[in-house]
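# turn this into a model:
(one chain, ligands or ions: 1)
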Amino acid sequence: MTTQNVSDGQSLLERIQPVSGGREILDPATGELVGRAPEADLADLDAAVARAKAAQSGWAARADEDRAGLLNAAADAIEAQAEELAVLLSREQGKPLNGPNARFEVGACVAWLRATASFPVEPEVLLDDESGHAELHHRPLGVVGAIGPWNWPMMISIWQIAPSLRMGNTVVIKPSGYTPLSVLGLVEVLNTVLPADLLIAVPGRGDIGDRLTRHPDIAKIMFTGSTPTGKKIIAAAAETVKRLTMELGGNDAGIVLDDADPAAIAEDLFWGAFINTGQTCAAMKRLYVPDALYDQVCDALVAVAGQMPMGNGLDEGNVLGPLQNRAQWEIVDRLVTAAVDSGARVLTGADPSPEAVDGSGGHFYPTTLIADIDGDDPLVVEEQFGPALPIIRYTDLDEAIAAANALEVGLGSSVWSSDLDRARAVAARLEAGTTWINKHGAIDPRVPFGGAKESGFGLEFGAHGLREVSQPHVISW
Ligand code: NDP
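Residues are numbered from 1 along each chain as shown. Predicted coordinates:
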C-alpha cells in the first residue's frame, strides 16, 4: 500500500488515495466513482499498532493542557477545511450537505473536539479523615482501537478519537469498509496538527477489525456498529481482557401521550425518525400513538414528510438522501414490503421504483410512513435503519410502555406530551440508555450517552466519557 505524500495544491481526496490501485468507492446517489480507498493488510495493522504504542508514553507525559490545546487546534484545522470534508462526506455517505447532515456532521466534529478539550480531569478524593486517605486518579490505557460504522463516519470517529487522545492514549482507527474515505479525510486533516503516530487510520475489511480486537498491544476497543458484530468483538476481546465501549444497534420507541399537541410535535417527531434518512443508531424506529390522537399525528407527519426533499446530497435543496449501500436498501425494502403484504396502511412512500424516487440509479428509498401495523410486525421489531417509520396505535398506555420495553435492545426512547411531570413519570419506566422528552436523538457533548440491554455498554461524552478511556488508579495511605 503506497500513499501519496502531502504536498501543496493537492485536494484532500488526492492526499488520501493510493498512488495506484485501491478499492473503488461509489457515490450512493449516482453510482459514480468518488475515489479509491487504500486497503491495508494485517502487516500494516501490526506496524500501525507498533508506531502508536511507541508514541504513547511521550504523549501521556505531556501536560493535560497541551493535550487539550491540541484538540482545540484539531478543531481549528477541521473548521479550515470544513466544506471540503462535507463534500467528501456527502459524496461517499450520500447524506445531503444541508439539513442535519454533512455540514452539520462536520460542525459536530468541531463541537465535540472543543467540548472534550474542556472537561475537567481532576483526581477524586474518595476518603480523607482520621481513618485514612484515598484518591482516584485516571491514567492512560495505552493504544485504543476504534472501529466505526458508515452512517456518521466522521462524527463517530471523533467521539472515539477525542476522549482517547485527551486522556493520553494513542489511537488506531479502522473505518467502515463502506465509508473509508470520510474517515481517512478526517484523519488527514487532524494529522496536520497532531504529533506523528498519535492517530493512525488502517482502512480494510473485517479481518483488520478482527485482528485489532485480538491484538495484544491494544488496550481498549471503542466500537459503534451492529449488535451481531459487537457480540463477536466482546468474545474476541476476552482473550486479552480488553476494555470495551460498545455502542450497538437500537430500535428506539417513541410514545405519544394523549395530551400532546400533534401539530406542535410533528416536525420534531419527523426528524427524530428521519435524521440521516433514518440511518442513525438512536433514531426513533417505531412510534406508539394513542387512539385519540392517531389520525391527527399521522396527518401531521405526512404533511411534514411532504416538505422534505430527497435527492443527490450535493443539491443544496435536499435534506434527505439515499441509503448508503444496497444491502441496507434491501433490508428496508424487505421490511416495508412485508408490512404492506400483511395489510398495514401506507400513508406515504413504500414505492421505491426509480420513477417514484430518483431516476439516477442511486440507492434511494422514499420517505415512508406506515399506519395500522401490528405491534409484532417485522418492521416494528427489527431495526430498519432507513427512511420507514411504523406508527402503532395503542389504547392502553401500560401496554404501549410494555411494548416499548419488549425488545432486547434499548438505546434511546422518547415521550411526547404537554405535561412534563406526566412525561417524566412515563420516561422513568422505559428501559433505555437515554429517554428524551419532546425530542428524540438530541445528543450533547456534555451529556453522557450509552445503551441498555443489547444496545451496548459504556458511556461516551462528558467527563464520564473521559473516564471510560482511562485506567482508574487508587492511591491510598
Ligand atoms: P457492522 O457492525 O457489520 O460493521 C461496523 C464496523 O465493524 C465496520 O467497521 C466493520 O468493518 C467492522 N467489523 C465487521 N466485522 C468485524 C469483526 N469481526 N471484528 C471487528 N470489526 C468488525 O455494521 P454494518 O456497517 O455492516 O451495518 C449493519 C447493521 O448494523 C445495520 O443494518 C444497522 O442495523 C447496524 N448499524 C448500527 C449502527 C449504530 O450506530 N448503532 C451503525 C451502523 C450500522 P467492515 O466494514 O470492514 O466490515
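# roughly how far apart are Val340 and the ligand?
The gap separating Val340 from the ligand is 20 Å, by C-beta to the nearest ligand atom, to the nearest Å. The way it works is simple: take the backbone N, C-alpha and C, and place the C-beta from them, glycine included.
# Met246 - that's part of a strand, no?
Yes - applying DSSP: H, G, I helix; E, B strand; the rest coil, one finds Met246 inside a strand.
# count of neighbours near it?
Residues lying near Met246 (other C-beta atoms under 10 Å) number 23.
# if I look at it, how far off is Glu330?
Between Met246 and Glu330 the computed distance is 26 Å (C-beta to C-beta, to the nearest Å).
# same question, Val340
Distance, Val340 to Glu330, by C-beta to C-beta: 16 Å.
# show me how the protein divides into domains.
According to automatic domain parsing, the chain comprises the domains 12-248+455-476, 252-444.
# how about this structure: which residue is closest to the ligand?
Gly209 (2.4 Å; C-beta to the nearest ligand atom).
# mind checking pLDDT for Gly9?
On pLDDT, Gly9 comes in at 79.
# which residues of this protein lie near the ligand?
Contact residues, the chain versus the ligand (C-beta under 6 Å from any ligand atom): 147-151, 174, 176-178, 205-206, 209-210, 213, 224-226, 229, 232-233, 247-249, 281, 328, 331, 383, 385.
# of the residues you listed, which belong to strands?
Of these, the ones assigned to strands by DSSP state E are Ile147, Lys174, Thr224, Glu247.
# which of these are buried? Put it as a PyMOL command.
Here is the PyMOL command that selects the buried residues among these (16 or more other C-beta atoms under 10 Å):
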select buried, resi 147+174+224+247
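# out of the ones in strands among the residues of the chain next to the ligand, what pair is the most spread apart?
By the measure C-beta to C-beta, Lys174 and Glu247 form the most distant pair in those, at 15.1 Å.
# Three-state assignment for Val34, please.
Using three-state DSSP, the structure places Val34 in strand.
# my guess is Gly362 is in a strand, correct?
No - secondary structure assignment (three-state DSSP) places Gly362 in coil, not in a strand.
# tell me, how many residues neighbour it?
Here the number of neighbours of Gly362 (other C-beta under 10 Å) works out to 24.
# which ones are touching it?
Asp27, Pro28, Ala29, Thr30, Gly31, Gly94, Asn312, Pro322 (C-beta atoms under 8 Å, 6 or more residues apart in numbering).
# out of these, who's the most crowded?
Among the contacts of Gly362, Pro322 has the most neighbours (other C-beta under 10 Å), with 32 neighbours.
# hang on, that one packs against Ala29?
Yes - using C-beta atoms under 8 Å, Pro322 makes contact with Ala29 at a distance of 5.0 Å.
# for stretch 14-32, buried residues please.
Going by neighbour count (16+ other C-beta under 10 Å), the buried part of stretch 14-32 is Arg15, Ile16, Gln17, Pro18, Gly22, Ile25, Leu26, Asp27, Pro28, Ala29, Thr30.
# mind listing the helices for the stretch 251-400 of the chain?
262-274, 294-305, 326-341, 378-381, 397-404 (DSSP state H, counting those that start in this stretch).
# thought Val289 was touching Tyr394?
Yes - judged on C-beta under 8 Å, Val289 makes contact with Tyr394 at a distance of 7.0 Å.
# neighbour count for these two, which is higher?
Applying other C-beta under 10 Å to Val289 and Tyr394 shows that Val289 carries more neighbours, namely 27 against 20.
# any idea how far the more buried one is from Pro378?
As judged by C-beta to C-beta, Val289 and Pro378 stand 20 Å apart.
# same check on Ala29?
Counting by C-beta to C-beta, the separation of Ala29 from Pro378 is 27 Å.
# all strands for the stretch 101-250 of the chain, in order.
Under the criterion DSSP state E, counting those that start in this stretch, the stretch 101-250 of the chain contains strands at 124-129, 132-140, 143-147, 170-174, 199-201, 220-224, 243-247.
# same list (those strands) but as CSV, adding mean pLDDT.
CSV is the format used below for those (pLDDT from 0 to 100):
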stretch, mean pLDDT
strand 124-129, 97
strand 132-140, 97
strand 143-147, 98
strand 170-174, 98
strand 199-201, 98
strand 220-224, 98
strand 243-247, 98
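# how about CSV for the ones you listed, with distance to Asp261 added?
Formatted as CSV, these follow (distance: least, C-beta to C-beta, whole Å):
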stretch, distance to Asp261
strand 124-129, 44
strand 132-140, 45
strand 143-147, 42
strand 170-174, 44
strand 199-201, 47
strand 220-224, 35
strand 243-247, 33
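# for the chain, list the residue farthest from the centre, please.
Computed with C-alpha atoms, centre = their mean, the residue of the chain farthest from its C-alpha average is Glu130, at 47.7 Å.
# check contacts around Pro352.
Taking C-beta under 8 Å, 6+ apart, we find Pro352 in contact with Trp329, Asp333, Phe364, Tyr365, Pro366.
# I'd assumed Pro100 was in a strand, is it?
No - Pro100 is assigned coil when assessed by three-state DSSP, not a strand.
# quick check on it: phi, psi?
Main-chain torsions, Pro100, degrees, to the nearest 10: phi -80, psi 60.
# surely it touches Phe270?
No - if you go by C-beta under 8 Å, Pro100 and Phe270 don't touch, sitting 11.1 Å apart.
# what is the mean pLDDT for stretch 373-387?
Regarding stretch 373-387, the rounded mean pLDDT is 98.
# alpha carbons only: can I get that stretch in PDB?
Taking C-alpha atoms only, stretch 373-387 is exported to PDB below (Å, rounded to 0.1, in the frame of the first residue of the first chain):
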ATOM      1  CA  ILE A 373     -49.500  -2.000  11.700                       C
ATOM      2  CA  ASP A 374     -49.300  -4.900  14.100                       C
ATOM      3  CA  GLY A 375     -47.000  -4.400  17.100                       C
ATOM      4  CA  ASP A 376     -45.200  -7.600  16.300                       C
ATOM      5  CA  ASP A 377     -44.700  -6.900  12.600                       C
ATOM      6  CA  PRO A 378     -41.000  -7.200  11.500                       C
ATOM      7  CA  LEU A 379     -40.900  -3.500  10.500                       C
ATOM      8  CA  VAL A 380     -41.700  -2.800  14.200                       C
ATOM      9  CA  VAL A 381     -39.500  -5.400  16.000                       C
ATOM     10  CA  GLU A 382     -36.400  -5.400  13.600                       C
ATOM     11  CA  GLU A 383     -34.100  -2.400  13.100                       C
ATOM     12  CA  GLN A 384     -34.900  -0.900   9.700                       C
ATOM     13  CA  PHE A 385     -32.100   1.700   9.700                       C
ATOM     14  CA  GLY A 386     -33.700   3.600   6.900                       C
ATOM     15  CA  PRO A 387     -36.500   6.100   6.000                       C
END
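# and the contacts of it?
Contacts of stretch 373-387 (C-beta under 8 Å, 6+ apart): 151, 249-251, 274, 277-279, 285-286, 310, 320, 323, 328-329, 331-332, 335-336, 338-339, 342, 344-345, 349, 365-368, 370, 388, 390-392, 403, 407, 409.
# go with 6 Å
Outside stretch 373-387, the residues that touch it by C-beta atoms under 6 Å, 6 or more residues apart in numbering are 249, 251, 274, 277-279, 286, 323, 332, 335, 338-339, 344, 365, 367, 390, 392, 403.
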